[in-house]
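Enquirer: Structure for the following, please:
(chains A and B)
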Amino acid sequence: MNSPANNRSEQMEIDASARWPVLVFFGSALLWLLLGGVMQLAAAMQLHQPGLLAADEWTTHGRLAPAAQNALVYGWGMNAAFAFGLWLMARLSATTLRHGGWLFVAAKFWNLGVTLGVLGILGGYSTSFELLEMPRFVSLILLAAYALIGVWAVTTFSIRNTENVYASQWYLFGAAFWFPWLYAIAQVMLFKAPVRGVLQPVVNAWYAHGLYNLWFVPVALTAAYYFLPKILGKPVANYYLAPLAFWWLAITSAFAGGSRLIGAPVPVWIPTLGIAANMLVVVAVVIIGLNLFGTLAGRQAEARNSLTLRFIIISLVSFVLAAVMNLALSMRGFAATVQFTVFDGLRDWLTFYACFSTAMFGAAYFMLPRLTGREWRSPALIKAHFGATALGVGLMIAGLTYAGWIQGKLLNDAAVPFAEITKAMAPWFAYRTVVLGLLLLGHVAFLINFLGMACPFNFAKVPDALFRAPPDLSPEAHAPVGHSLKGVGP
Amino acid sequence: MKNGLALFLGVFATLALSWAGLLLTAHRQIGGLSQFKDPADDTLHPQPLSGLADQGRLVYQDLGCVTCHTQQVRHEGFGSDLARKWGERGSYARDYIRDQTVLLGQNRLGPDLRNVGARLGDARPEEYAEWFYKLLYAPQSVAAGTNMPAHAFLFDVHPVAGRQPSAHALALPSKFAPGSGLEVVPTARAVALVAYLQSLKDTYDYPIERSRNTPAPKKAGH
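Expert: The predicted structure is shown next:
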């Protein structure tokens, strides 16, 4: 093992090599976060202001809503995951990021693909399959761009200068392979050589569940497994259980997609298998909880001082809640009521936004200053972003759980005419708009802060903006760098 | 774990297993479902969509109606779809083999549409089509208080002056009409979409599925 000093300078070298590719991916991600957020907000408003943007075909609700979701998932989500994943893969493999030029090409193509895809949906070429709405030809662009990124990540991994492979790397590595397989198989089975009848929704459910749980969740867990021990400077608790959790989560999640089809006209064993898988997922969630909350135990005060860990904690709690929700939606009696309501949508929002996106925020607050060598400029903007996120996530979960229950009760009462349901839900649609607006404000604050830091012409030395001034937040201050802690990583 | 290859193989196996276990198995089981020939009158069910209705299916897809509407009737004992008269029976897998794209849907911001073509009551099909046109042009004119957006862009609005009024012009209440001297005529896309909506009805009950589903209604909610 290198001496600490050596190790530190090596890490800075790695960070410097990753700087531009990561900034390009993350910058694109943030633009999509904003653009997708605005579209999502408008689509949410249309539910209580049906006249809004209804005159034009391009912005009718049936197009705007999926376009927003695609912009967020493929624009923000994937780009952010690429940025974070590339940086961490280089760091954990203790090798500098080489041939970064290819990554720029990949970033260009990926974003070109997403742009064409979103425009395609708005322009009337939507396939209407959930998360696969983009016109067919776009999938080829996306897969090609992804291939460049994926090959790069795997190469970096295979030339790693480390002995051990850390938990974070398993999740990252798994996700890196699962996404393209899921995506390519879904494309082939739905569009290239389409399967017949209700097999289509089965493929779609398998893909949607896979995208959320075998791509976004693993990336979020990557962040949690990395930052918790790193910043707290202690090994992951019960680390020996981590491999079990990884494999268990992977296998059960891969089979859980059928649970989205409870009550649907498909062979009964499909949802039943999904339900069983959702129950088994709990084992993995418990172990991951033991690992990560165990690491946190006794160090809450320290964790609170780290902005990154604050976001990671929101992400972890949401991860657990999402599993609970998947489980709840697997209970037939409960599902009969809340299926197809806003509660159903909340499940995926919880995974994608509250678990994955918050983890990426946390990662960004750690990673970007190290990449640029500059500090975040405005503590007020940081506070605004964190406050909006924490409040927004809480309000969304509480509000839509209740609203979904009400909506389900009304839907299942045949005596209630449909117009009544719409009327009863109107305040809740407005509520969701307000919460989405709040979250969007947080994103704006984040973007401004990011631009202030990343802008290449901004050389002015400013005092470091720390979330809480007194304690030293930099992880190096805590982490005994260079000591090979199990589960800490280099 | 240290071994990259073992990790890779495991990761591969996980997904391959779920693909084979879920998608391939399901495909083997129901991928070959065929039409059913009614022994009484030798008719085949489900009947294929007409060409016009199939074009309407594309309009339904491109406008994203699935964002708010499902197309699946849940069985007795699981939700109250039947009590809401969204169908005479729960949907079967066989009902869908006539559809090029199957959009079961995830959201019920609006009613289920799987049998909307059978909901005309005493109305004649043309009257029912007119009702659909009105719903698409100005939803409030037939469903007060709804948040379904108007799809007015599926219609041509032009002045009547100086020419024969169109036989297809909508008879809208004045509150929703574009103004005097103007008429609203469905475009080809609206005509196709409405043909599709009217084709949505699973009225035939298959003996095999029925016998499989009736005896144990509690369990039938698959």
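Enquirer: Against B:Arg57, how distant is whatever residue of chain A ends up closest to chain B?
Expert: The nearest approach of chain A to chain B comes at A:Gly62, 2.7 Å away (Cβ to the nearest Cβ). In this view, the C-beta of every residue, glycine as well, is placed from N, C-alpha and C. To B:Arg57, A:Gly62 is 14 Å away according to Cβ to Cβ, to the nearest Å.
Enquirer: What of B:Phe12?
Expert: 37 Å.
Enquirer: In terms of neighbours, single out the busier of the two.
Expert: Set side by side, B:Phe12 and B:Arg57 show more neighbours around B:Arg57, with 23 against 14, by other Cβ atoms under 10 Å in any protein chain shown.
Enquirer: Now for that one: which residues touch it?
Expert: Residues near B:Arg57 by Cβ atoms under 8 Å, 6 or more residues apart in numbering or on different chains: B:Leu49, B:Asp99, B:Gln100, B:Thr101, B:Tyr196.
Enquirer: Just the buried ones among those residues, please.
Expert: By neighbour count, with 16 or more other Cβ atoms under 10 Å in any protein chain shown, those hold B:Leu49, B:Asp99, B:Thr101, B:Tyr196 as buried.
Enquirer: which residues does the last one contact?
Expert: The neighbourhood of B:Tyr196, defined by Cβ under 8 Å, 6+ apart, consists of B:Leu49, B:Leu52, B:Ala53, B:Asp54, B:Gln55, B:Gly56, B:Arg57, B:Val59, B:Tyr60.
Enquirer: What is the burial count for B:Leu109?
Expert: 23.
Enquirer: is it true that it touches B:Thr146?
Expert: No. B:Leu109 is beyond contact range of B:Thr146, at 9.8 Å (criterion: Cβ atoms under 8 Å).
Enquirer: Tell me the one of the contacts of B:Arg57 nearest B:Ser34?
Expert: Lowest distance from B:Ser34 to these (Cβ to Cβ) belongs to B:Asp99, with 14.5 Å.
Enquirer: Run a quick check on the closest one versus B:Gln47, I expect a contact.
Expert: No. Using Cβ under 8 Å, B:Asp99 is not in contact with B:Gln47; the gap is 11.8 Å.
Enquirer: which residues do these two both contact?
Expert: Shared contacts of B:Asp99 and B:Gln47 (Cβ under 8 Å, 6+ apart): none.
Enquirer: Count the residues that sit near B:Val102.
Expert: 26.
Enquirer: what do you get for A:Phe386?
Expert: A:Phe386: 22 neighbours (other Cβ under 10 Å).
Enquirer: Check which helices and strands whatever helix or strand it lives in sits against.
Expert: Take DSSP states H and E as the rule and A:Phe386 turns out to sit in helix A:379-411. If you count contacts as 3 or more Cβ pairs under 8 Å, 6 or more residues apart in numbering or on different chains; DSSP states H and E, helix A:379-411 packs onto helix A:307-328, helix A:332-338, helix A:342-349, helix A:358-372, helix A:418-454.
Enquirer: What residues sit buried inside that helix?
Expert: A:379, A:381-382, A:384-386, A:388-390, A:392-393, A:395-397, A:399-401, A:403-408, A:410-411.
Enquirer: Repeat that for stretch A:16-32.
Expert: Neighbour-count burial for stretch A:16-32 flags A:17-32 (criterion: 16+ other Cβ under 10 Å).
Enquirer: Which members of those residues occur in helices, if any?
Expert: A:17-32 (DSSP state H).
Enquirer: Pick out the most distant pair among the residues you listed.
Expert: Across these, the longest distance by Cβ to Cβ is 25.1 Å; it joins A:Ser17 and A:Trp32.
Enquirer: residue ranges with poor pLDDT in the chain?
Expert: Looking at chain A here, since you left the chain open. Residue ranges of chain A with pLDDT under 70: A:1-6, A:456-490.
Enquirer: Chain B was what I was after
Expert: B:1-2, B:214-222.
Enquirer: the strands in it, which residues?
Expert: When assigned using DSSP state E, the strands of chain B occupy the ranges B:36-37, B:44-45, B:155-159, B:182-186.
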